[in-house]
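Undergrad: next input, structure requested:
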Amino acid sequence: MNGSSSGDDSHAIVAAAAEAWSDAGRTWDPAAIARGYTDDAVFFGGRPGLQQGSAGVRAYFDSYVGTITSARLTLRDQQVFRLAPDVILAQGFGHFALGFADGRSTDTVQRTTLVLVRRAGQWKILQHHFSVEPTSPPLGLD
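TA: The predicted structure is shown next:
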């Protein structure tokens, strides 16, 4: 991970959030994954639409029950910035290792953006976005 000043614990906070996400995803536990998000979270994932609030985020992860059996997120090449004492922005790439109910597995790398906030002494995800890297600029000329 890059960015942020030395002595700042922002990198460790981001890494801990990704590890908590992976711990909950190890046995695909949508409730546990959703607990890592704020009540007013905004999330763009791999399905159409925008999920809002912890209930929306939970519903998104619930939609994969019976398909995904495990997930691990490893962040890499992150630019991490402390925007305020209780706000961290991390942007870079995430390696997703997924296991499926039919026994298959996949490994993908996607772009990631995370905004973490500290509320009541706990760091949680306020905004989360991941997407595939475009193969060409989205100019509408293809």
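Undergrad: spatially central residue for this protein, please.
TA: A centroid search over the chain (Cα atoms, centre = their mean) returns H128, at 5.3 Å, as the residue closest to the centre.
Undergrad: tell me which element that one falls in.
TA: Under the criterion of DSSP states H and E, H128 resides in strand 122-131.
Undergrad: ok, now L73?
TA: Counting by DSSP H and E, L73 is found in strand 68-84.
Undergrad: now do the buried residues in that strand.
TA: By neighbour count on 16 or more other Cβ atoms under 10 Å, the buried set for strand 68-84 is I68, T69, A71, R72, L73, L75, Q78, V80, F81, R82. Bear in mind the C-beta positions are built from the backbone N, C-alpha and C, glycine included.
Undergrad: what does stretch 14-30 rub up against?
TA: If you take Cβ atoms under 8 Å, 6 or more residues apart in numbering as the criterion, stretch 14-30 is touched by 1, 32-33, 35-36, 58, 61-62, 64-65, 68-75, 78, 80, 88, 90, 94, 114, 116, 123-125.
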